[in-house]
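In: Turn this into a model:
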Amino acid sequence: MVKPEKVTLAAGEYTVGKDLNPGDYDVTVVDGNVMYGGAQLAVGDTKFAQPAFDGEKFSIEGSGKVIFEPAKYKKLEPASEGVYRIYHSGYYKIDAQIPAGRYEVTYVARDPDVDKELDPLVQTTKNYDIQEGIAFDSKGKHYINLRKGEVLEVFKEFSRELSKEYRGSYVQFDAVK
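Out: Got it, this is the predicted structure:
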């Protein structure tokens, strides 16, 4: 089995398995501005644990460079006991990065007047099959079960979350006791 390897790419059309090994990658812009994965990204912006499937085609547009590094799956630090905040869209391994368990999930807007139209999607998957999901387009409390061996996916409209108006907003997971 071929393992993901660190690769730097510039603007162009690419094929996984030819230009990039299949696997999960942390994708970081290291020079300029690019459009990748439907998002406008600038230096320092990272998309975490992005899956790259064999034979998949993707493009990078713009005048920058992007580093694809094998995903590190860095453990999330709790904001307080049993409380986790996710600021960036991405894929998070349950029990490796965030403990398994039942959580109340809320979206916390940095500026509710600016952020009111941003409705994140939170879901869990196993082998890329959706197990459970939450769309924040409805009012009330939202709960999700995070199970070991599954992946937590958080989508905060990535192309908007990196803009100055949206930085600082997050999805909060409060462990239910």
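
In: Where does pLDDT dip in the chain?
Out: For the chain, the stretches flagged by pLDDT under 70 are 110-118, 137-140, 157-168.

In: let's see 50
Out: Applying pLDDT under 50 to the chain flags residues 158-159, 165.

In: what pairs with the residue most central in space within it across the strands?
Out: Most central in the chain under CA atoms, centre = their mean is Gly90, positioned 0.9 Å from the mean C-alpha point. With DSSP bridges as the criterion, Gly90 is bridged to Phe48, Val154.

In: Do a quick rundown of the helices in the chain.
Out: Per DSSP state H, the chain carries helices over the ranges 112-115, 158-161.

In: surely Tyr14 meets Leu20?
Out: Yes. Counting by CB atoms under 8 Å, Leu20 is a contact partner of Tyr14 at 6.1 Å. All C-beta spots, glycine's among them, are computed from the backbone N, C-alpha and C.

In: more crowded one of these two?
Out: More neighbours surround Leu20 than the other of Tyr14 and Leu20, with 19 against 16 (other CB atoms under 10 Å).

In: Contact partners for that one?
Out: Contact analysis of Leu20 by CB atoms under 8 Å, 6 or more residues apart in numbering lists 7, 9, 14, 52, 68.

In: Can you flag which of those residues belong to strands?
Out: Among the contacts of Leu20, the ones falling in strands (DSSP state E) are 7, 9, 14, 52, 68.
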